[in-house]
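Asks: Structure, please.
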Amino acid sequence: MVDRKTVADRLDAGMAEGLELDVAIVGAGAGGLYAGYRLATGEPKGRGRPPTVSLFELGDRIGGRLHSVELPGLDFYGELGGMRYMTSMGIVTALIQDVFKSELKHVEFSMGDPASHYFYLRKQRFMADAWTQAQKLNEKFKTRYALNKDDVGFSADQLFSKVTYDVLTADPAVKAEYGKKLLHPTHYDYEIQLTGPDWDAIKPELRYCFPGPYEARPVSELGYWNLLTEQLSQEGLQFLADAGGYYSNTINWNAAEAIQQIVGDFFGPVSYRTIAGGYDQVLYALAQALLDKEVKIWKQNGVVGVQPAPEGAPRRYELKLANQESGREWLVHADAVILAMPRRSLELLDMYPNYLSLYDGREGATFRQAVSSTIIQQSMKILMGFEEPWWTQDFGATAGESITDLPMRQCYYFGTDKKNKHSLFLSSYNDMDTVSFWSALEQGELFEPKATSVVSQADVDAISEFQAPKVMVDESMSQVRDLHGQQPYDIPEPYVTWFKDWAHEPFGGGYHAWNPDVSVRDVMRYMRKPRADEAIHVVGEAYSDQQGWAEGAFCVAELLVRDHFGMKPASFIPESYYLGW
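Replies: The predicted structure is shown next:
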């Protein structure tokens, strides 16, 4: 296990006026840390030495949108940001099981038994396996949604798969080339066995081959909302939005990207894992390796200017940094710059006068358009600690999620401390439209954490600044009780909370999705080197083909160091692993 405090204590909050570097990396999240690690430890294709590198982070911690926290009374971590990965993800799996195998230990991320999970939609409460139980009896489970006749009886994940299968097989060219990988073994089951290269070949050419207003149009030009209403009706779209658990899945993002990612990320034969000690351990392991290589990671130092260095300067670029602790600015010189930042952070840089040559002149308009080619998806979480796992005792749930159309959207039943029964509960995991419901409750007095039989008042007071507002906690617990149907059970109050709204600056949101009518292939390649005459690059999840996952940031950074910094492929990544465009 990597000691977060030891790593945090080794970060530098000071200044080093006139620092000279080969590469300056702005941002110490997944993309920045991985790019730094590969540059500092990888093998160049020629005989050159690895470049000198430093990372500059505006915040007071590393990790970006991976943020694992420990609540008092619990011997494991909760996740305020990304919380899991799929076993099919080659880089993160290799980092955990190979590169840092002595420091990191993967554990299964259990989704539990649907028979013990709840749905509460349009005031109809039922168990999560209601659809499959009815199907076993050759019956159709009916919800309070006026679905098309042919869609009644399908669960949300089955209906997502059905739409993908129907759209793919309706295109004669796709069916002829890939039909053997598109299977429909039973009425409710679909198997999409396409590989990453298969998808990248299909998406730019796929046509919508159904009568109506979109007939023969490229699917990549359509929004997913457009496509779903054509396939299912507006009521079917609402069912998928509600029962799928994420409103972000059904917004009007690029339909060609959506049909791949929705099925592959959530509704296929997916196996999830995480890391014992918190998912952000993988980024702390990267940071520790960088620090051991004497690579500086500067915290509380935000970059507010990148300009060509004046004549006679030792390096190509001059970076102006604002030190948060002192309020002073200082200069760094570098031959190349990597902006490891999400969309909103890039937009904030544009607010500084003369910030960046990428924003200058005619080509600046092209860069701004590329930056805005993704949709920012807001996300928020509320973690709670309970003295006992009421969901296990009263409802039989040991892991996994329950889903509702109430603003809380999803709750997750997490682990229990074996020594004292104190337990972790994610009382709300919500996105897009529902975030504004909760952000309106962010003002006011905070929830007062309480001592328990094993947790002192001083222990909970130590994280008092991170508590959710009391009115937010009260509202959240009211919805939790509605979801579960409190009677005859008495769901208790939490003793401690922790919440995070990723819509706040500088993140703007929790993850991203491609806009319709965007050439994803071209924009991904462009962002890694927006101008041929500049050594300024952009990496991160926002401009990857695995948006919403740390793996997307890793893949983009791996492609960057190979293509533009002359690094050999990482030895720990299987040669057959597909990195994307």
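
Asks: what's the weakest-modelled helix or strand in this protein?
Replies: Averaged element by element with mean pLDDT, DSSP states H and E, the chain has its least confident helix or strand at helix 390-395 (a mean of 87).

Asks: What is that helix packed up against?
Replies: With contacts defined as 3 or more CB pairs under 8 Å, 6 or more residues apart in numbering; DSSP states H and E, the secondary structure elements packing on helix 390-395 are strand 410-416. Using the backbone N, CA and C atoms, a C-beta is placed for each residue, glycine as well.

Asks: So in that sheet, which strands flank the strand it packs on, and in what orientation?
Replies: Note on strand 410-416: by DSSP bridges, its sheet partners are strand 400-404 (antiparallel), strand 423-431 (antiparallel).

Asks: Go ahead and name everything in contact with that strand.
Replies: Around strand 410-416, the neighbours that count as contacts under CB atoms under 8 Å, 6 or more residues apart in numbering are 74, 76, 78, 112, 245-246, 389, 391-392, 397-404, 422-430, 480, 483.

Asks: and if you look at stretch 136-154?
Replies: Contact partners of stretch 136-154, identified using CB under 8 Å, 6+ apart, comprise 121-124, 126, 130-131, 133-135, 159, 162, 188, 232-233, 235-236, 238-239, 243.

Asks: domain parsing for the chain?
Replies: Each structural domain of the chain that the record assigns through automatic domain parsing is listed here as a residue range: 4-64+280-376+515-564, 68-89+108-112+379-501, 145-272.

Asks: gap between the most far-flung residue of the chain relative to its centre and residue 304?
Replies: In the chain, residue 312 marks the outermost C-alpha relative to the chain mean, sitting 42.9 Å out by CA atoms, centre = their mean. Between residue 312 and residue 304 the distance, using CB to CB, to the nearest Å, works out to 23 Å.

Asks: The lengthiest strand in the chain: what's the following helix or strand?
Replies: In the chain, with assignment by DSSP state E, the single longest strand is strand 329-340. Per DSSP states H and E, the first helix or strand lying C-terminal to strand 329-340 is helix 343-349.

Asks: With distance to residue 218 as extra columns, can I get the strands paired with strand 410-416 in JSON lines?
Replies: Compiled in JSON lines, the strands paired with strand 410-416 are given as follows (distance: least, CB to CB, whole Å):
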{"stretch": "strand 400-404", "distance to residue 218": "33"}
{"stretch": "strand 423-431", "distance to residue 218": "27"}
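
Asks: what's the closest non-adjacent residue to residue 222?
Replies: In space, and not counting its chain neighbours, residue 222 is closest to residue 255: 4.3 Å by CB to CB, 6 or more residues apart in numbering.

Asks: Do I have it right that the one you found meets residue 224?
Replies: Yes: applying CB atoms under 8 Å, one finds residue 255 in contact with residue 224, separated by 4.6 Å.

Asks: so how many other residues sit close to the closest residue to residue 544 other than its chain neighbours?
Replies: By the measure of CB to CB, 6+ apart, the closest residue to residue 544 outside its immediate chain neighbours is residue 552, 3.2 Å from it. The burial count assigned to residue 552 is 25, neighbours taken as other CB atoms under 10 Å.

Asks: So residue 552, which state does it fall into?
Replies: helix (DSSP: H, G, I helix; E, B strand; the rest coil).

Asks: Contacts only, for it.
Replies: Residue 552 neighbours (CB under 8 Å, 6+ apart): 540-541, 544-546.

Asks: Next one: it, what pLDDT does it get?
Replies: In the predicted model, residue 552 carries a pLDDT score of 97.

Asks: now it: how far from residue 230?
Replies: Taking CB to CB as the measure, residue 552 and residue 230 are separated by 28 Å.

Asks: Report the separation between the residue nearest to residue 222 and residue 494.
Replies: Between residue 255 and residue 494 the distance, using CB to CB, works out to 40 Å.

Asks: Which one's more surrounded, these two?
Replies: Neighbour totals were compared for residue 255 and residue 494, and residue 255 leads with 28 against 24 (other CB under 10 Å).

Asks: ok, residue 107 touching residue 277?
Replies: No: taking contacts as CB under 8 Å, residue 107 lies outside contact range of residue 277: 9.3 Å.

Asks: Which of those two has more residues huddled nearby?
Replies: The residue with more neighbours, out of residue 107 and residue 277 and counting by other CB under 10 Å, is residue 277; that gives 21 against 12.

Asks: dump the residue contacts of the residue lying closest to that one once chain neighbours are set aside.
Replies: Taking CB to CB, 6+ apart as the measure, residue 277 lies nearest to residue 1, with 4.6 Å between them; neighbours along the chain are not counted. Counting by CB under 8 Å, 6+ apart, residue 1 makes contact with 103-105, 276-277, 281.

Asks: can you give me how far the strand or helix carrying residue 226 is from the chain middle?
Replies: Element membership of residue 226, judged by DSSP H and E, is helix 224-232. Distance of helix 224-232 from the chain centroid (CA atoms, centre = their mean, to the nearest Å) equals 24 Å.

Asks: ditto for stretch 195-202
Replies: Going by CA atoms, centre = their mean, the spacing between the C-alpha centre of stretch 195-202 and its chain's C-alpha centre is 22 Å.

Asks: Tell me the buried residues in it?
Replies: Neighbour-count burial for stretch 195-202, counted by 16 or more other CB atoms under 10 Å, picks out 196, 198-200, 202.

Asks: Averaged pLDDT, that stretch. What do you get?
Replies: For stretch 195-202, mean pLDDT is 95.

Asks: With stretch 503-512 instead?
Replies: In the prediction, stretch 503-512 has an average pLDDT of 95.

Asks: what's that stretch in contact with?
Replies: Contacts with stretch 503-512, where a contact means CB under 8 Å, 6+ apart, come from 58, 64-65, 81, 248, 342-345, 347-348, 374-380, 431, 435, 439, 502, 541-542, 547-548.

Asks: Wait, a helix at residue 435?
Replies: Yes: remark: residue 435 belongs to a helix, assigned using three-state DSSP.

Asks: just checking, it touches residue 501?
Replies: Yes: Residue 435 is in contact with residue 501 according to CB under 8 Å; the separation is 6.9 Å.

Asks: which neighbours do the two share?
Replies: The overlap between the contact sets of residue 435 and residue 501 (CB under 8 Å, 6+ apart) consists of residue 380.
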